[in-house]
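> Pasting the sequence and the predicted model now:
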Amino acid sequence: MNSLISPKKINSLSHSYKFTIATLVTDTGEYQDMVESFNKAGFTKDTCEYIYIDNVGKNSFDAYEGLNLFLQTAQGEYIVICHQDVLLNFDNIEILTQRIEQISTIDPNWAILSNAGGIENNLYRRIAIDVVYEDGFEQVYGKKPQKVCTVDENFILVKRSANLSLSRDLAGFHLYGTDLCLVAELLGYSSYVIEFKLLHKSYGNPGKTYYDILNQLIEKYVRFMRSRTIITTITDFRLSPSSIDTAFFNTKFVKKVYRKITKLTKDHNIT
């Protein structure tokens, strides 16, 4: 072996910290209050790193770009992505660690935890949530832990080993929790709402930009989930939201006809 080359054997993912606390910052005073509340709740510098993006005065990064940067650079085993206006006035690091251990026993393939999220295909129990607002209103209901299809952006915990990222073709400051959950599900991971109460100073403000991003997200995933024939260097196969469509176009007879047509049109030559 060339003596100038020193290959490094990799056995597992290493972590410099237990938690990374990552935040987009537009108000340094509010962010400092958040950091102090985390520190009092046990998220101290010996086990946690704090990273942030400076959006004070102008947006250096939007949420999709910024969170991808967090996910790529964080050194914690678990990455907490949270708003600058949350305070850990109730539960602490011991409670969060217990919740992580509980979910890891229930479902080792989890990737995302939050204190609020939406439940798939359930019109009667639409969300599970554990939030207290600054005016004293407590929004605490729903079974927990609860498997969900989306999470709220006020507090998102991501398992670093899941190697998640957000969509490149979406932008802005809304619905990135939804996008992250969809990406996680595609990769084979699941998302949960856990019982972890905190104070959130804002109720949120879904204005025009929210609905603009919502439409972009819908268009993206409708396009991705379209019916299509996948061509590889070895074979071809059908993908479709319809199981009937998929089964029909993947039969040997239909595939044989399709291949003959493509050969006639000289588009492909699949063996």
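Done, it's in. Treat the numbers as computed from the prediction; the structure is a model and nothing was measured. Residues are numbered from 1 along each chain as shown.
> Which element, helix or strand, includes residue 80?
strand 76-82 (DSSP states H and E).
> Can you give the contact residues for that strand?
15-23, 34, 48-49, 67, 70-71, 100, 153-161 (C-beta atoms under 8 Å, 6 or more residues apart in numbering). Any C-beta I mention is one placed from the backbone N, CA and C, and that applies to glycine too.
> What remains of the residues you listed if I keep only buried residues?
17-23, 34, 48-49, 67, 70-71, 100, 153-160 (16 or more other C-beta atoms under 10 Å).
> what are the ranges of the strands in the stretch 1-150 of the chain?
17-25, 48-54, 76-82, 86-87, 110-114, 116-118, 127-133, 138-141, 146-148, 150-151 (DSSP state E, counting those that start in this stretch).
> Within its sheet, name the partner strands of the fifth one and how each one runs.
Put plainly, it is strand 110-114. Strand 110-114 has its sheet partners listed here by DSSP bridges as strand 155-159 (antiparallel), strand 190-193 (parallel).
> Please apply the same query to the fourth one.
Strands adjacent to strand 86-87 in the sheet, as given by DSSP bridges, are strand 198-200 (antiparallel).
> After the partner strand, which helix or strand is next? Please name it.
helix 208-224.
> counting contacts, what elements does that next one pack onto?
helix 176-186 (3 or more C-beta pairs under 8 Å, 6 or more residues apart in numbering; DSSP states H and E).
> contacting residues around the helix it packs on?
Under C-beta under 8 Å, 6+ apart, the answer for helix 176-186 is 63-64, 67, 111-112, 114, 117, 148-153, 156, 158, 162, 164-167, 170, 190-191, 217, 221.
> now do 7 Å
63-64, 67, 111-112, 149-153, 156, 162, 164-167, 170, 191, 217, 221 (C-beta atoms under 7 Å, 6 or more residues apart in numbering).
> Need phi/psi at residue 160.
When read as degrees, to the nearest 10, the backbone of residue 160 gives phi -60, psi -40.
> for it, what are its contacts?
Taking C-beta under 7 Å, 6+ apart as the test, what residue 160 contacts is 15, 74, 76, 77, 78, 79.
> ok, back up a step: would you turn the strands of the stretch 1-150 of the chain into JSON lines with distance to residue 252 and mean pLDDT?
Below are these laid out as JSON lines (distance: least, C-beta to C-beta, whole Å; pLDDT from 0 to 100):
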{"stretch": "strand 17-25", "distance to residue 252": "51", "mean pLDDT": "97"}
{"stretch": "strand 48-54", "distance to residue 252": "53", "mean pLDDT": "96"}
{"stretch": "strand 76-82", "distance to residue 252": "47", "mean pLDDT": "97"}
{"stretch": "strand 86-87", "distance to residue 252": "56", "mean pLDDT": "96"}
{"stretch": "strand 110-114", "distance to residue 252": "37", "mean pLDDT": "98"}
{"stretch": "strand 116-118", "distance to residue 252": "41", "mean pLDDT": "95"}
{"stretch": "strand 127-133", "distance to residue 252": "46", "mean pLDDT": "92"}
{"stretch": "strand 138-141", "distance to residue 252": "52", "mean pLDDT": "90"}
{"stretch": "strand 146-148", "distance to residue 252": "38", "mean pLDDT": "95"}
{"stretch": "strand 150-151", "distance to residue 252": "40", "mean pLDDT": "96"}
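> Save those as CSV, and put in distance to residue 203 too.
Listed next are the strands of the stretch 1-150 of the chain as CSV, based on distance: least, C-beta to C-beta, whole Å:
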stretch, distance to residue 203
strand 17-25, 18
strand 48-54, 23
strand 76-82, 16
strand 86-87, 13
strand 110-114, 17
strand 116-118, 12
strand 127-133, 6
strand 138-141, 9
strand 146-148, 20
strand 150-151, 17
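> Fine by me, thanks again.
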